[in-house]
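Undergrad: what would the 3D arrangement of this be:
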Amino acid sequence: MKWSKELPENFYFYVGVTLDGVCAVICPASFFDEYGCVFDQYLQIESLLPDILTENIECMFDSIESVEETRKVLLKRNFAENKEFNRFCASIFEPLYSNETDVPDLETASDINWLSSPLTKEEQETFNKADLEKGEPG
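TA: This next block holds a predicted model:
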């Protein structure tokens with residue numbers, strides 16, 4: 001799907017802290033609402049993003065600003081906050097980075113496949129087929 005054609009309000013965001021600093025997780029709202037996880041492919045939404053963000057990995061963007069400033073900028077750009085999405089992302093980030101002195105067990109952290117879809121092969125094929133029917137590659 002060509003996510004760059006979507007409007008910012010069609011994406012949920014979460015802002016948190018990693019070992020590298022502040023980051024934002026951005027996910028298509030329709031995907032999270034249907035599957036309850038973060039999209040696991042590159043979004044290619046650079047034209048929608050503020051200059052303070054750069055893509056790190058799929059759906060995760062590094063910020064040069066504080067958590068609060070990043071949140072304000074995304075809200076100003078009309079990205080959507082969602083309590084369930086924030087709760088989902090916080091359940092991953094907060095145990096890993098609960099304060100500045102905590103260093104997560106990177107071996108354990110790498111086992112958390114939170115960006116991956118819990119879809120079965122059949123469900124993923126259905127999702128991809130829906131994109132193709134819209135005339136957009138998955």
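Undergrad: how about the strands in this structure?
TA: 11-18, 21-28, 53-57, 60-63 (DSSP state E).
Undergrad: make CSV from those strands and add mean neighbour count and distance to Ser47 to it.
TA: For the C-beta atoms, the positions are set from N, CA and C on the backbone; glycine is no exception. Shown next, in CSV, are the strands of the chain (neighbours: other C-beta atoms under 10 Å; distance: least, C-beta to C-beta, whole Å):
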stretch, mean neighbour count, distance to Ser47
strand 11-18, 23, 13
strand 21-28, 22, 13
strand 53-57, 16, 12
strand 60-63, 21, 14
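Undergrad: now the ones you listed in JSON lines, with mean pLDDT and distance to Arg77?
TA: Below are the strands of the chain laid out as JSON lines (pLDDT from 0 to 100; distance: least, C-beta to C-beta, whole Å):
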{"stretch": "strand 11-18", "mean pLDDT": "91", "distance to Arg77": "9"}
{"stretch": "strand 21-28", "mean pLDDT": "92", "distance to Arg77": "11"}
{"stretch": "strand 53-57", "mean pLDDT": "90", "distance to Arg77": "10"}
{"stretch": "strand 60-63", "mean pLDDT": "92", "distance to Arg77": "12"}
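Undergrad: in CSV, list those along with distance to Phe88.
TA: Listed next are the strands of the chain as CSV, based on distance: least, C-beta to C-beta, whole Å:
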stretch, distance to Phe88
strand 11-18, 8
strand 21-28, 9
strand 53-57, 17
strand 60-63, 14
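Undergrad: and the ones you listed: which comes nearest Ser91?
TA: With distances scored as C-beta to C-beta, the stretch of those nearest to Ser91 is strand 11-18 (10.5 Å).
Undergrad: okay, the residue lying closest to Leu75 once chain neighbours are set aside and Phe13: tell me how far apart.
TA: Among residues not flanking Leu75 along the chain, Glu81 sits closest, at 7.0 Å (C-beta to C-beta, 6 or more residues apart in numbering). Distance of Glu81 to Phe13, given as C-beta to C-beta, to the nearest Å: 7 Å.
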